[in-house]
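Colleague: Please find the sequence and the predicted model below.
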Amino acid sequence: MQKPSETEQTRPTLERIDLSAIAAEHPVNSRVAVLDLNTFDASQLTVLEVLDMADIAGVPPEELGGLMEQGQPTVPRMRMLYAMAWCIARRGDASLTFDEVCTWKLEVIGETTEALTERTAKRAKVIVGAAVVSGLPPVAAGQLTLAELGVYNERNRAARRRRKAG
């Protein structure tokens, strides 16, 4: 096997790469995704969406909330926001790729507030409580009227009394 001569090894490559042509062929910011943190409820993401977000953003799932609250545009925070945009947008177009979403312009409005986070947590607690009392999935339990939930609760109490007595 022949070795290339020293001259051949150091000869520069003169192949031109036209970055303007590449940029024109692969435009960015052709679509704009808007995320209003004043009204966005991250608790409405599914567990699988959160796991997908963490995986694609390269962040442990338990750190996503902290990134949501940070105001500075750090690389991990921006990757997480684009991952969230991808997860949400996939609901409307399952063929959408993360790389495609990364070509969009992402406008983030407002900030996540502690009050919104607390309100969302309280709401989830009530809905899950209703699901436990009724035996229904949380989505269905959240649709119960207070009267219906009261009937489920009373039936559960009566059943417990019968089990204790018998």
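Modeller: That came in fine, so what should we check first? Residues are numbered from 1 along each chain as shown.

Colleague: Okay, domains of the protein per the record?
Modeller: 28-112, 117-165 (automatic domain parsing).

Colleague: contacts for the strand or helix carrying R163?
Modeller: Assigned by DSSP states H and E, R163 belongs to helix 146-165. Contacts with helix 146-165, where a contact means CB atoms under 8 Å, 6 or more residues apart in numbering, come from A130, V133, S134, G135, A141, L144. Heads up, the C-betas are built off the backbone N, CA and C, glycines and all.

Colleague: separation between the second one and A121?
Modeller: So the one you mean is V133. Distance from V133 to A121, counting by CB to CB, to the nearest Å: 19 Å.

Colleague: quick one, which of these two is more surrounded?
Modeller: V133 (17 against 10; other CB atoms under 10 Å).

Colleague: name the element the more buried one belongs to?
Modeller: Here V133 sits within helix 114-134, counting by DSSP H and E.

Colleague: Buried residues of that helix, list them for me.
Modeller: Buried positions in helix 114-134, judged by neighbour count with 16 or more other CB atoms under 10 Å: L116, T117, I127, A130, A131, V133, S134.

Colleague: the helices in this protein, which residues?
Modeller: 6-10, 19-25, 47-57, 64-69, 75-90, 98-101, 114-134, 138-141, 146-165 (DSSP state H).

Colleague: Give me the spatial nearest neighbour of R31, chain neighbours excluded.
Modeller: Excluding the flanking residues, the one nearest R31 by CB to CB, 6 or more residues apart in numbering is W104, at 4.5 Å.

Colleague: And P137, by the same measure?
Modeller: A131 (6.4 Å).

Colleague: Thought L144 was touching that neighbour, still the case?
Modeller: No. Contact criterion CB atoms under 8 Å: A131 and L144 do not qualify, at 9.3 Å.

Colleague: Identify the residues contacting the closest residue to T113 other than its chain neighbours.
Modeller: Leaving out its chain neighbours, the residue that sits closest to T113 by CB to CB, 6+ apart is N38, at 7.4 Å. Going by CB under 8 Å, 6+ apart, N38 touches I109, G110, E111, T113, L116.

Colleague: So N38 versus D52, what's the distance?
Modeller: N38 sits 25 Å away from D52, going by CB to CB.

Colleague: same check, this time on M68
Modeller: Taking CB to CB as the measure, M68 falls 16 Å from D52.
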